[in-house]
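**Student:** Predicted model, plus sequence, below.
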Amino acid sequence: MTSRNVEQIYTNCLAQGSYFIESNGEAIVIDPLRETFPYLDRAKERGVKIKYIFETHFHADFVSGHVDLAKKTGAQIVYGPGAETQFDIINAEDGQVFQVGDLSITVLHTPGHTPESSCFLLKDAEGNPHSLFTGDTLFIGDVGRPDLAQKATNLTKEDLAGWLYDSLRNKIMPLPDHVMIYPAHGAGSACGKNMSSETFDTLGNQKKTNYALDTNMSKEAFIEELTNGLMAPPQYFAKNAALNKKGYEPIDAVIESGLQAMSVARFKELSAKDDVLVLDVRDKAIFSEGFVPGSWFIGLDGSFAPWVGALIVDLHQKIVLVCPEGREEEAVRRLARVGYDNTIGYLDGGFEAWQSAGEDIDSLQSISIETFQKEHASLTDVSILDLRKPGEFANGHLTGARNLPLDFICNWKDGFDPNTVTHMHCRSGYRSTIAGSILKKINKGDIINVVGLFDQFEELGFSICTNEDACKA
């Protein structure tokens, strides 16, 4: 079996891996992105027919392309045992075998991350195990979190973690060490806690390095490890899982309706409406220098889709875009990846057109870490907001800083003190620019964005704290 038989299609924004597997004129797709062209293009180029679309589970962090791809190709959608959908699927049995050319795929039901979670074992023409597509059951360096299917199943996260322990030991660990592990996600996804930046590995190496496959770990210890320290899942997860079960609007129609070029006058009219959100997706530094008043910033050159999903609460929110020229379709498509299908247009000519028309402009005050040092080296006379995740904060933060993770800005923005000058920072300035734009829109006082890599604080001699009791001493 060659690398041409198995291709990983990795999308950095979602930290997501889908797979295109072909043999002897036939192909299958595993965990496809919502847009169908990556798979249709490959099938056409290689002269193969897509026969099956395999889904490892009901994805929560993106809208899968299974429904559209099945309509365009006639391929059958395959889920593991117990999956219930509002469209036709093959509800596979544990151990069921599917053929693709000279290769075969065996369904291994591995409940834990979700009840229907299944892995797919690819075997070569001689019946030898070659690779395992593990979805969110087994990542490189980690396993899937067990708390995402609780509300839908009335199970506890401890119940699901126990199932996952058994699935790993009864279904995956007995496989040969040479089997390649291909997961659905890598580092950056919220579907696990400590995933590796590597996107595939051998099972044998994972047995040596992945804590979850430690043969000496008891079930009780596994459950405790898996359920401790979990942040609440992003609010859009349950909504995306529901779309993946029910179906959705064709993405071609979503893109067509979103690509409506708007004059400055029309854009101004719409952006003034309470039910319309202006979303600026340009570079963070360019945005800070000037933007349409009231805009939210979430830049395309960052973890765009996950932050959209975490922060825009209404999946049906009407959105108008300010984009870099030529990236309008990309923005609409990436919004649709996480179920935001109600983009109604973009500013024709971008921000430059708005500026040339003499319209009002807002800006976000930003300073470098070096400038911050000159003004507040002692940290005794300044309000500091650290927007990183709790784990990042615990590993080292500026003495006296408050930790308010950007993920949950909607929970704390109403309690923000509008009378205090607040300096905000994150790891690189991306998250703090997002937060600054949101707080500016709701008029939450003077915001100063401190931009630069967090490591620079320590390099410049700032007081860094890793133990809260010591910080308070």
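**Tutor:** Ah, there it is.
**Student:** Let's verify G309: helix, strand, or coil?
**Tutor:** Following DSSP: H, G, I helix; E, B strand; the rest coil, G309 is assigned to helix.
**Student:** Number the residues from 883 up from this point.
**Tutor:** Let's use 883 as the start, then, which means that last one is G1191.
**Student:** out of everything not next to it in sequence, what's closest to it?
**Tutor:** Distances taken as Cβ to Cβ, 6 or more residues apart in numbering put Y1118 closest to G1191, at 3.6 Å, once the chain neighbours are dropped. Using the backbone N, CA and C atoms, a C-beta is placed for each residue, glycine as well.
**Student:** Can you pull the phi/psi pair for that neighbour?
**Tutor:** Dihedral pair for Y1118: phi -80, psi -10, per degrees, to the nearest 10.
**Student:** The one helix or strand I932 maps to packs against which elements?
**Tutor:** Using DSSP states H and E, I932 falls within strand 931-936. Applying 3 or more Cβ pairs under 8 Å, 6 or more residues apart in numbering; DSSP states H and E, we find strand 931-936 packed against strand 908-912, helix 919-928, helix 948-955, strand 958-961, strand 979-982.
**Student:** Return the most buried member of these.
**Tutor:** Looking across those with neighbours counted as mean count of other Cβ atoms under 10 Å, the highest average goes to strand 908-912: a mean of 25.
**Student:** average pLDDT across that strand?
**Tutor:** Strand 908-912 shows a mean pLDDT of 98.
**Student:** contacts for it?
**Tutor:** With Cβ atoms under 8 Å, 6 or more residues apart in numbering as the test, strand 908-912 has contacts from 900-904, 921, 924-925, 928, 930-938, 951, 957, 980-983, 987, 1002, 1015.
**Student:** re earlier: now the strand holding I932 - C-alpha only, CSV.
**Tutor:** The C-alpha coordinates for strand 931-936 follow below in CSV (Å, rounded to 0.1, in the frame of the first residue of the first chain):
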residue,chain,number,x,y,z
LYS,A,931,-15.7,6.9,-7.9
ILE,A,932,-16.4,7.8,-4.3
LYS,A,933,-18.2,4.8,-2.9
TYR,A,934,-18.6,5.5,0.8
ILE,A,935,-18.4,8.5,3.2
PHE,A,936,-17.4,7.3,6.7
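**Student:** Pull out the buried residues from it.
**Tutor:** Within strand 931-936, the residues scored as buried using 16 or more other Cβ atoms under 10 Å are I932, K933, Y934, I935, F936.
**Student:** Who are the contact partners of A1276?
**Tutor:** Residues in contact with A1276, defined by Cβ under 8 Å, 6+ apart, are T1348.
**Student:** in the stretch 1233-1355 of the chain, what spans have low per-residue confidence?
**Tutor:** 1295-1298, 1326-1327, 1349-1355 (pLDDT under 70).
**Student:** Helices of that one, residue ranges please.
**Tutor:** For the stretch 1233-1355 of the chain, helices defined by DSSP state H, counting those that start in this stretch occupy the ranges 1251-1258, 1272-1276, 1291-1294, 1312-1323, 1337-1341, 1350-1354.
**Student:** Quick one, which of those helices gets closest to L1085.
**Tutor:** Closest approach to L1085 among the helices of the stretch 1233-1355 of the chain (Cβ to Cβ): helix 1272-1276, 27.5 Å.
**Student:** Just confirm L1050 contacts D1024, I think it does.
**Tutor:** No. With contact defined as Cβ atoms under 8 Å, L1050 does not reach D1024; the gap is 11.7 Å.
**Student:** Identify the residue nearest F1254 in space, chain neighbours excluded?
**Tutor:** Nearest to F1254 is V1332, by Cβ to Cβ, 6+ apart, at 4.9 Å.
**Student:** State the mean pLDDT of the strand holding I932.
**Tutor:** Here the average pLDDT along strand 931-936 is 98.
**Student:** repeat for stretch 1167-1179
**Tutor:** Regarding stretch 1167-1179, the rounded mean pLDDT is 97.
**Student:** number of nearby residues for the residue nearest to K1200 when sequence neighbours are not counted?
**Tutor:** Once flanking residues are discounted, K1200 sits nearest to V1158: 4.7 Å by Cβ to Cβ, 6+ apart. By other Cβ atoms under 10 Å, 19 other residues sit near V1158.
**Student:** contacting residues around V1158?
**Tutor:** Neighbour list for V1158: L1152, K1200, I1201, V1202, I1226 [criterion: Cβ under 8 Å, 6+ apart].
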